[in-house]
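In: Got a predicted structure plus its sequence, pasted below:
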Amino acid sequence: MKIGVVGLGYVGMVTALSFSSLGHDVVGVDVDQARVQALRNGKSPVYEPGAEDYLARTRAVFTSHYSELNGCELVFIAVGTPPLSDGSQNLAFLRSAVDSLRQSGYRGAVVPRSTVLPGTTKRVVAPYFEHVGYNPEFLAEGSAFRDFFNPDKIVLGYEDEHTLSLLREAYEKIQAPRLE
């Protein structure tokens, strides 16, 4: 399966490298050129034990061009949603990722992996894409790769059966209870 990951910070990098190690073809996109170049050079832009070992053996492609996601069946959006001064979530990065995907002509399934409140995917992503899901992450810094491969559970939210099928395929090699 060809999977895209938008946002190559902590969650996105771990997600991209982990799916790649499961045998998926992965394209990782980030607007930060320095981050993309570091990943291409086998250097992790964030500290996570084991990251450089995964980078040394990955087949993932890292780029700043959203158009390279057009061949992907499934794209995870793993961008930051930092709090605003009033305590609400800043969805600017999520909205920007959605806009960039739309402008690139992407037509596959879109699944936020960012920490967003219930209803956000339906409001921010679903109006623009036919296939939409949600896949919250449960990664702890310092054990993110172990957490990815040995989760307590995998939550697969979906708007349609096609998206659910893709999410199941993406995670088929991970043995954990599934909440669908």
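Out: Ah, there it is. Numbers count the residues shown, from 1 in each chain.
In: Tell me the secondary structure at the residue nearest to P151 when sequence neighbours are not counted.
Out: Of all residues beyond its chain neighbours, the one nearest P151 is A176 (4.7 Å), with distances taken as CB to CB, 6 or more residues apart in numbering. The way it works is simple: take the backbone N, C-alpha and C, and place the C-beta from them, glycine included. Assigned with DSSP: H, G, I helix; E, B strand; the rest coil, A176 falls in the coil class.
In: Contacts only, for A176.
Out: By CB atoms under 8 Å, 6 or more residues apart in numbering, the residues touching A176 are 150-154.
In: most neighbours, which of those?
Out: Neighbour counts for the contacts of A176, by other CB atoms under 10 Å, peak at I154, which reaches 20 neighbours.
In: where does the residue located most distally from the centre of the chain land in three-state SS?
Out: The C-alpha centroid of the chain is most remote from D86, which lies 26.9 Å away (CA atoms, centre = their mean). Following three-state DSSP, D86 is assigned to coil.
In: Distance-wise, check it relative to Y10.
Out: 25 Å (CB to CB, to the nearest Å).
In: what do you get for L167?
Out: For L167, the distance to Y10 - CB to CB - is 21 Å.
In: And those two? Which one has more around it.
Out: Between L167 and Y10, counted using other CB under 10 Å, the more crowded position is L167 (24 against 20).
In: Double-check that that one belongs to a helix.
Out: Yes - under three-state DSSP, L167 sits within a helix.
In: show me the contacts for it.
Out: Counting by CB under 8 Å, 6+ apart, L167 has contacts 74, 109, 111, 133, 135, 156, 158.
In: In JSON lines: these, plus distance to R59.
Out: JSON lines is the format used below for the contacts of L167 (distance: CB to CB, whole Å):
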{"residue": "L74", "distance to R59": "17"}
{"residue": "A109", "distance to R59": "21"}
{"residue": "V111", "distance to R59": "21"}
{"residue": "G133", "distance to R59": "24"}
{"residue": "N135", "distance to R59": "22"}
{"residue": "L156", "distance to R59": "25"}
{"residue": "Y158", "distance to R59": "27"}
